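# Show me how the following folds:
(one chain, ligands or ions: 1)
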Amino acid sequence: MHTSKFLVLLCGCVGPFLAGAAEQPRPVGAAYETKVKHDRDGIGKFYFGREIAQVMGHQAAGWLERRNREEEERTDLLLNALDLKAGDVVADVGAGSGYFSWRMAQMVGPTGKIFANDIQPEMLELLMAQMRKRNVEKIVEPILGTVQDPKLPANSTDLILLVDVYHELDFPFEMTRAMIKGLKSGGRLVLVEYRGEDPAVPIKKLHKMTTTQVKKEMAVHPLTFVRQIDVLPQQHILIFRKSATE
Ligand SMILES: C[S@@+](CC[C@H](N)C(=O)[O-])C[C@H]1O[C@@H](n2cnc3c(N)ncnc32)[C@H](O)[C@@H]1O
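Presented below is the predicted three-dimensional model:
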């Protein structure tokens, strides 16, 4: 288990509050709070009572590509659960080094598309090197986003996947709203988070989320909860659908 390394390297974070990141109107209850006294793994900013975690720095990319990841996290089961088909357009938001991007590119094939988004240019460089190595660079399009906007083309995407990302979004409300704009009507938003309810999952508190918390945060958006899949050893898979009226 490489958790201890992961936990140390998490400190190589990018600035949580970027200059000029203007706050946008949010529904009642979805306001941000800042606290001086807070968890050392967090950014001191709270959303629905949850402290937002620090962003994992690109220096930790090796952990994402560790050899035993498939066995440890059963990423094969996660990919199966996405139910992708040839020709699908998928966004891998917070794609990191592209662990899921190239695997999903093989699933959607040359008639499909993967938007691989991240806020760290260094991650996207590593990602594209990997896409070239896997021969899927024509299917995967890198997108450098901002902390508030993944910059996906509007109404373009069948499925958006965030693996181990949502808990570290500095602006979860704005990011979710922007991701919904990128989804086609009826498109799916899939959040994969380490199970916050389970003390046996050896990941620091702020880097896990409970199902209740995720659902609470999604409830302020035009999304319908579809289902929860609990086939993974350490993570929940939570699937939401963009409301047809949006
Ligand atoms: C723990 S890594 C997970 C990477 C990848 N999903 C995986 O499972 O291999 C989290 C990634 O989310 C990215 N991230 C954090 N905040 C983001 C945001 N607002 N928009 C896009 N990416 C973000 C980080 O830069 C980092 O690459």
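# quick one: contacts for the residue nearest the centre of the chain?
Nearest to the geometric centre of the chain sits L162, at 2.5 Å (Cα atoms, centre = their mean). Applying Cβ atoms under 8 Å, 6 or more residues apart in numbering to L162 gives the contacts V93, G94, L189, V190, L191, V192. Every residue, glycine included, has its C-beta placed from N, CA and C.
# let's see 6 Å
V93, G94, L191 (Cβ atoms under 6 Å, 6 or more residues apart in numbering).
# One more: L189?
Neighbouring residues of L189 by Cβ under 6 Å, 6+ apart: I160, F240.
# Residues of this structure that sit close to the ligand?
Residues of the chain lying close to the ligand (Cβ under 6 Å from any ligand atom) are 55-56, 64, 93-96, 99-100, 117-120, 123, 145, 147, 150, 163-165, 168-169, 175.
# Now, those residues that are in strands?
Judged by DSSP state E, strands contain the following of these: V93, N117, D118, V163.
# What's the local residue count around the residue nearest to Q148 when sequence neighbours are not counted?
Distance criterion Cβ to Cβ, 6 or more residues apart in numbering; nearest residue to Q148, sequence neighbours excluded, is E174 at 4.1 Å. For E174, the neighbour count with other Cβ atoms under 10 Å is 19.
# Same question for A31.
12.
# Parallel or antiparallel, list what pairs with the top strand by length along the chain.
Taking DSSP E as the criterion, the chain has its longest strand at strand 183-195. As defined by DSSP bridges, the strand partners of strand 183-195 come to strand 157-163 (parallel), strand 208-209 (parallel), strand 235-242 (antiparallel).
# pLDDT weak spots in the chain?
By pLDDT under 70, the low-scoring segments of the chain are 1-26, 28-29, 245-246.
# As a check, name the ranges of all helices in it.
Here the chain has its helices, by DSSP state H, at 3-9, 61-64, 69-73, 75-81, 99-108, 121-133, 172-182, 211-218.
# which residues make contact with the longest one from outside it?
By that I understand helix 121-133. Contacts to helix 121-133, defined as Cβ under 6 Å, 6+ apart, come from residues 58, 61, 95-98, 102, 116, 118, 137, 140, 142, 144.
# okay, the ones in strands among the residues of the chain next to the ligand in JSON lines with neighbour count and distance to E72 next?
Converted to JSON lines, these look like this (neighbours: other Cβ atoms under 10 Å; distance: Cβ to Cβ, whole Å):
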{"residue": "V93", "neighbour count": "29", "distance to E72": "22"}
{"residue": "N117", "neighbour count": "28", "distance to E72": "25"}
{"residue": "D118", "neighbour count": "26", "distance to E72": "22"}
{"residue": "V163", "neighbour count": "22", "distance to E72": "13"}
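# Identify, from those, the entry nearest to L223.
Here the nearest of these to L223, counting by Cβ to Cβ, is V93; it sits at 14.7 Å.
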